[in-house]
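> Predicted model follows, preceded by the sequence.
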Amino acid sequence: MDHRTPRTDDAVDIREIAQGEFSAVAELAVRLLSADRDELAALYAATPFALRAAFASGQPIGVAYARIDGEKYAPLAGLAVIPERRRSGIARRLLEGLEHTVFVERNYRGSTFWCPRDPAMEGLLVSAGYDVFNLEIEAGADIEVREEEVRRLGGMIARRKGDSAALQFHLRAYDPERYDHLGRCYHATRSRLRFSKVNTRLLMTDDEALAFLRAIESGEVTLISRWGDPAAQNGPFPYDASNGWEIWVFNDVGEWDYVDEIRAPDGRYTGFDQSLAIEHYEPSPEVIERAYGFPAGAG
Ligand SMILES: CC(C)(COP(=O)(O)OP(=O)(O)OC[C@H]1O[C@@H](n2cnc3c(N)ncnc32)[C@H](O)[C@@H]1OP(=O)(O)O)[C@@H](O)C(=O)NCCC(=O)NCCS
């Protein structure tokens, strides 16, 4: 005999909410997530599509919302399901609905989610394709660290990828000294993780980006600096290209450092953080001077 319980999510209705349902959904978010009701009401008034809920027999049993506020990366702000209905795929479906709004309808470059450390949330987000990106340690957190500054100020420690085990592994590979204290920080109770997922629909291919960079080298595409002379300026530095694209170069106090970002007019982009090919790209000193207008010898 088959003793498996049938999946319970079939009768669950997951969608944006109607006006008359707001109070019940807000109550659930307050109960499960200690959400601020007024803040939620303001969010719902401004961006009703950013609040979704799961209903069973007309009652909300799960809630998800994002802050869609015009930044490039949309922060997911809350996600919870009532304990009795967990582990039947409801959170995953709520998340997918929210991601459709963020990635497809609103064209965000990605979504981020700051979460307290929690195995269910981490399991859900990692299996949904999120990277563990940063670890934030609250100021004054009771953690054993060697670096006084981190203990005193709190900190954000990068990075990256996959689940927490991979995160530790990466840090170990990066720098054993730092791993030692970061590893212990990770186990601090008062810390949050930042999860992040990229909207791959908006990413430009390496081939396309490198063809653009070669066209700059050859002079087929020319650049006009938006902020004048790069000498003695610092940070991301923008150019308008003659083909209608945009390129931002990281300017290290008058030295061409790396391609920070390339943007096509249709919103697709790539850059140092998205592509190893771009991270490793470096034009010749002659191109840095002629095409990008950096002082001779810089780069
Ligand atoms: C996290 C939470 C939303 C998950 O809801 P859920 O509906 O049970 O999740 P799902 O059934 O959709 O699970 C999807 C996947 O997430 C992962 N997951 C869910 N619960 C998990 C758990 N307890 N441990 C490890 N992984 C888990 C699994 O990969 C799961 O897939 P699987 O069931 O096929 O293995 C729910 O546990 C919850 O409401 N927790 C409290 C919310 C909270 O504190 N939020 C704070 C930050 S906003």
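Done, it's in. Numbers count the residues shown, from 1 in each chain.

> what residues does stretch 252-266 touch?
Stretch 252-266 is contacted from outside by 204, 208-209, 212-213, 230-234, 236-237, 244-251, 269-272, 278-279, 281-283, 288, 292, 294-295, 298-299, using Cβ atoms under 8 Å, 6 or more residues apart in numbering. The C-beta positions use only the backbone N, C-alpha and C, and glycine is treated the same way.

> Which of those residues are buried, as a ChimeraX select command?
Listed next is the ChimeraX selection for buried residues among the contacts of stretch 252-266, using 16 or more other Cβ atoms under 10 Å:
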select :204,209,212,213,230,237,245,246,247,248,249,250,251,269,270,271,272,278,283,288,292,294,298,299
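
> and the contacts of stretch 252-266, which of them are in strands?
236, 237, 246, 247, 248, 249, 250, 251, 269, 270, 271 (DSSP state E).

> Over to stretch 96-116 now: how far is its first residue from its last?
End-to-end distance for stretch 96-116, by Cα to Cα, to the nearest Å: 21 Å.

> whoops, stretch 265-281 was the one
End-to-end distance (Cα to Cα), stretch 265-281: 22 Å.

> Over that stretch, what's the mean pLDDT, rounded is fine.
In this model, stretch 265-281 has a mean pLDDT of 90.

> same check, this time on stretch 218-230
97.

> Likewise for stretch 87-97?
97.

> Could you pull out the buried residues of that stretch?
So for stretch 87-97, counting by 16+ other Cβ under 10 Å, buried means 88, 89, 90, 91, 93, 94, 95, 97.

> What about those residues, which are in helices?
Using DSSP state H, 90, 91, 93, 94, 95, 97 are the members of these that sit in helices.

> tell me, which of the residues you listed make contact with the ligand?
90, 91 (Cβ under 6 Å from any ligand atom).

> Out of the ones in helices among the buried residues of stretch 87-97, flag the one nearest to the ligand.
residue 91 (3.1 Å; Cβ to the nearest ligand atom).

> Wait, that closest one touches residue 78, no?
No - the criterion here is Cβ atoms under 8 Å, and residue 91 misses it with residue 78 at 11.2 Å.

> so what sits against both of these two?
residue 64.
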